[in-house]
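Participant: My questions are about this predicted structure, shown below with the sequence.
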2 protein chains.
Amino acid sequence: MIKANDPHLHSWIQISPTSEFPIQNLPFGIFSTNHQDSRVGVAIGDYILDLCAVAQEGLFDLLDIDPTVFNRPYLNDFISLGKPAWRAVRDRISELLRTDNDEIRDNDQIMHRCLIKQVNATLHLPVKISNYTDFYTSLEHATNVGLLFRDPENPLSPNWKHLPVGYHGRASSIVVSGKDIHRPKGQVKFNDSPLPTFMPTQQLDFELEFAFITGTNTALGTTISTAEAENHIFGVVLFNDWSARDIQRWEYVPLGPFLGKNFASSVSPWVVTLDALEPFRVPGPPQNPAVLPYLEYTGNKHLDIHLKVYLQPAHHNSTLISETNTRHLYWNMNQQLAHQTSNGCNMEVGDLYASGTISGTEPGSYGSLLELSWNGSKPILLEDGITRTFLEDGDSIIFKGCAERNGVRIGFGEIRTKILPAI
Amino acid sequence: MIKANDPHLHSWIQISPTSEFPIQNLPFGIFSTNHQDSRVGVAIGDYILDLCAVAQEGLFDLLDIDPTVFNRPYLNDFISLGKPAWRAVRDRISELLRTDNDEIRDNDQIMHRCLIKQVNATLHLPVKISNYTDFYTSLEHATNVGLLFRDPENPLSPNWKHLPVGYHGRASSIVVSGKDIHRPKGQVKFNDSPLPTFMPTQQLDFELEFAFITGTNTALGTTISTAEAENHIFGVVLFNDWSARDIQRWEYVPLGPFLGKNFASSVSPWVVTLDALEPFRVPGPPQNPAVLPYLEYTGNKHLDIHLKVYLQPAHHNSTLISETNTRHLYWNMNQQLAHQTSNGCNMEVGDLYASGTISGTEPGSYGSLLELSWNGSKPILLEDGITRTFLEDGDSIIFKGCAERNGVRIGFGEIRTKILPAI
């Protein structure tokens, strides 16, 4: 059987070679139209394949799957069917969309019902997020933050190379691309004042991250090894963990980030499966000192995904302000999940585990304005002579991510978010 | 109309004067029996009133409420109906159970169907927890921790009296009383070793807390004032935020507690409404320096609830090891919710907001073994000559909480949890 990620596969749907959604991708998401409520779809070229309609047309009948899981406002019920079901559905969709398959191609009525132009659809948050963990897995980012705020001689905390440092974030405020966010207010403490002030943040920032979504419920007290981890991962998304640096700086001692983060985080609309990303596995960086046995792993567990950040001020063009790659991350997803569950903490369907800010080694590869502007000391230059240290009202931040090899491009759909004034 | 918390009310059900569940309480929970799946019930004396059965018997017909919300494994769907519905149901239950009401009392068939002995029921986690925040609102606890680990001259962090310090916890691992928990493993770093060791925690501890559960979904970008807060609070529970001090100490810099906490937290089975606790409102401690305007409040927003902690080693009697009161907390629930939403963070039905460890001023009133044994330096003495610094396998921790006035006792059901060996 031809694998669904084979670079030689082609679809009977016309797909531009620059599309993020060739037949090798087939990412899952939630969409609605003027005529239809939210439901599960798969991106293919400029279209969405409506899985609810596909199921109702009987085209999934040979799979042993409850067809109603596609008629839901979140992916969770589909995800909870488990990895064999994710694969069976993906393989069947791949088959239906291949050049040589006529089941949809040659039936105008079914095609009309099952294929929706993306421009006619609204994309929604794909997953009801159950629990959200934010890790801190980029050595370059942790080092930059340490250089800025900790100790230039000793920027990493002593635990950093022994465990993937992480903390719990707020699941309720995770939104999808296209949802604009208001500048948050909060307590800010200026050095020259004895008392804090309640005011709109003056240091609003993005964080360029990558996240995976889990697809199983595990029992409290059980663990997941690095070798088993991928059986529990449904797919991956781009992630923007918005941050208010001034609010965070005053509040975060001693229990960590809170209101400086939980006003919003943004995800890409399409969840890309690990199967689609299989050809893009790469080795990770060497880990020295050696990690403890429960964090050891074998094989290529890092992903080669190129990431770009654009900043677009109101009424101006966008400027590319950062480029980096997920392959730089020190700790991989398998290690993150093994660590998260090493104490018996249970996972749920729809958990989101984010990488933390992804920075490369060069200034143009940093994943936050905190680093790009070096805490506001070096304004960055945009098109039209505009400069920025932190974000201003009306600015939009756009994330794009793409894996590319053998003429196949795998993307996520962008995350585009505009900053609205404080209420 | 007589209020449901009037101390002069009596029920036709025989209720011991020492019961935590008089007709003035009527806390909500989830129970099942050998014959019935999980459903909503209300504790009354030694019984549970089966609200699913009450609704099916037509006894809620005059309330404009979907009766199926009681036939669910969590309270969330009932809670999401909103405060007018919570009150209408509570008032109707109070009416049905009063001495002079014959609708259940004089109908053997209905009584048999609707009243279940608590000893014949299993209690479940009452709420599917959507998001969990743990605050740090006890001045005495924060001071003790600061004295132990921060700076004896300056134990409180500079922000502590300006905002209710808090962080996000893990919702998935919150369990109900009676669910035993395994000693977690994790990375521990000893002072005399250059490298961490992965091992079962040697400093397993409880944290005596109190928590409220919210009952509304709010929109991202909106805030809740201290004056509005109680319209969003469904009820309160006792809460044990289990902690592994050695794991926590190594991992928590710079992003806060993670695996040292998220292996489990335990809640009491019954959720007590604010209406039941109305007679137990008391003034809070003075707040000096003055808080920012968004944290100001008027009226009595603290609660007078007496709390007790017992430690019971395997095959031995239990010993009372701590007694304190929620009235000591520096920051009240209204301030916590106003702070949590001050940046526009949205709330969900079923969020749990915990107080953080509650300690009084005297050693016998501390809410953790960390404080009671002063970080292991002063073993505490139990019955039978047994001593403890931190918890050993087979130990059980029991929390009890009670508000008492005018002969009325309002309780939560205990939290009882046994420590099992590491897996």
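Facilitator: Arrived safely, thanks for sending. Numbers count the residues shown, from 1 in each chain, chains lettered A, B, ... in the order given.

Participant: What parts of the stretch 251-400 of chain A come near chain B?
Facilitator: Within the stretch 251-400 of chain A, the residues that sit near chain B (Cβ under 8 Å from any Cβ of the partner chain) are A:251-259, A:262-264, A:289, A:292-294, A:339-340, A:342-348, A:351. Using the backbone N, CA and C atoms, a C-beta is placed for each residue, glycine as well.

Participant: So which of those sit within helices?
Facilitator: Using DSSP state H, the members of those that fall within helices are A:251, A:339, A:340.

Participant: Quick check: the first one vs residue A:257, distance?
Facilitator: Yep, that's residue A:251 we're talking about. Remark: distance between residue A:251 and residue A:257 (Cβ to Cβ, to the nearest Å) = 8 Å.

Participant: which of the two has more neighbours?
Facilitator: Remark: of residue A:251 and residue A:257, residue A:251 carries more neighbours, 29 against 25, as counted by other Cβ atoms under 10 Å in any protein chain shown.

Participant: Check chain A for its longest strand and report it.
Facilitator: Assignment by DSSP state E gives strand A:396-405 as the longest strand of chain A.

Participant: partner strands of that one, parallel or antiparallel?
Facilitator: Next to strand A:396-405 in the sheet, as set by DSSP bridges, lie strand A:306-312 (antiparallel), strand A:408-411 (antiparallel), strand A:415-420 (antiparallel).

Participant: What residues sit buried inside that strand?
Facilitator: By neighbour count on 16 or more other Cβ atoms under 10 Å in any protein chain shown, the buried set for strand A:396-405 is A:396, A:397, A:398, A:399, A:400, A:401, A:403.

Participant: for stretch A:175-186, same thing?
Facilitator: Across stretch A:175-186, burial judged by 16+ other Cβ under 10 Å covers A:175, A:176, A:177, A:178, A:179, A:181, A:182, A:183, A:184, A:185, A:186.

Participant: got the CA positions of it in CSV?
Facilitator: This file holds the C-alpha atoms of stretch A:175-186, laid out as CSV (Å, rounded to 0.1, in the frame of the first residue of the first chain):
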residue,chain,number,x,y,z
VAL,A,175,-8.0,31.0,20.8
VAL,A,176,-7.6,30.3,17.1
SER,A,177,-5.9,32.4,14.4
GLY,A,178,-8.0,35.4,13.4
LYS,A,179,-9.3,36.1,16.9
ASP,A,180,-8.1,39.6,17.7
ILE,A,181,-7.0,40.3,21.3
HIS,A,182,-7.2,43.3,23.5
ARG,A,183,-4.1,44.7,25.1
PRO,A,184,-4.3,43.4,28.7
LYS,A,185,-4.2,45.6,31.8
GLY,A,186,-2.4,44.6,34.9
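
Participant: of all the residues in the stretch 1-150 of chain A, which ones are close to chain B?
Facilitator: Counting by Cβ under 8 Å from any Cβ, the stretch 1-150 of chain A sits next to chain B at A:130, A:131, A:134, A:136, A:150.

Participant: Which one among the residues you listed sits at the bottom for pLDDT?
Facilitator: When the residues of the stretch 1-150 of chain A next to chain B are sorted by pLDDT, the bottom entry is residue A:150 at 88.

Participant: Is that residue in contact with residue A:157, as I believe?
Facilitator: Yes - assessed by Cβ atoms under 8 Å, residue A:150 is found in contact with residue A:157 at 7.4 Å.

Participant: Name the residues contacting each of those two.
Facilitator: Listed contacts common to residue A:150 and residue A:157 are residue B:254; contacts here mean Cβ atoms under 8 Å, 6 or more residues apart in numbering or on different chains.

Participant: How about the residue of the stretch 1-150 of chain A found nearest chain B, nearest residue that isn't a chain neighbour?
Facilitator: Proximity of the stretch 1-150 of chain A to chain B (Cβ to the nearest Cβ) peaks at residue A:131, 5.1 Å away. In space, not counting the residues next to it along the chain, residue A:131 is nearest to residue A:351; the distance is 4.6 Å by Cβ to Cβ, 6 or more residues apart in numbering or on different chains.

Participant: And the helices in the stretch 101-250 of chain A, which stretches?
Facilitator: A:108-114, A:139-145, A:245-251 (DSSP state H, counting those that start in this stretch).

Participant: quick revisit: tell me which of the strands paired with strand A:396-405 sits nearest to residue B:5.
Facilitator: Closest of those to residue B:5 is strand A:415-420, at 43.9 Å (criterion: Cβ to Cβ).

Participant: Run a quick neighbour tally on residue A:288.
Facilitator: Residue A:288, neighbours per other Cβ under 10 Å, totals 7.

Participant: The longest helix along chain A packs against which elements?
Facilitator: Scanning chain A for the helix with the most residues, using DSSP H, yields helix A:83-97. Applying 3 or more Cβ pairs under 8 Å, 6 or more residues apart in numbering or on different chains; DSSP states H and E, we find helix A:83-97 packed against strand A:47-50, helix A:51-56, helix A:76-79, helix A:274-277.

Participant: re the thing from before, which of the residues of the stretch 251-400 of chain A next to chain B are buried, as a ChimeraX select command?
Facilitator: The ChimeraX command for the buried members of these (criterion: 16+ other Cβ under 10 Å) is given here:
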select /A:251,252,253,254,255,256,257,258,259,262,263,264,292,294,339,340,342,343,344,345,346,347,348,351
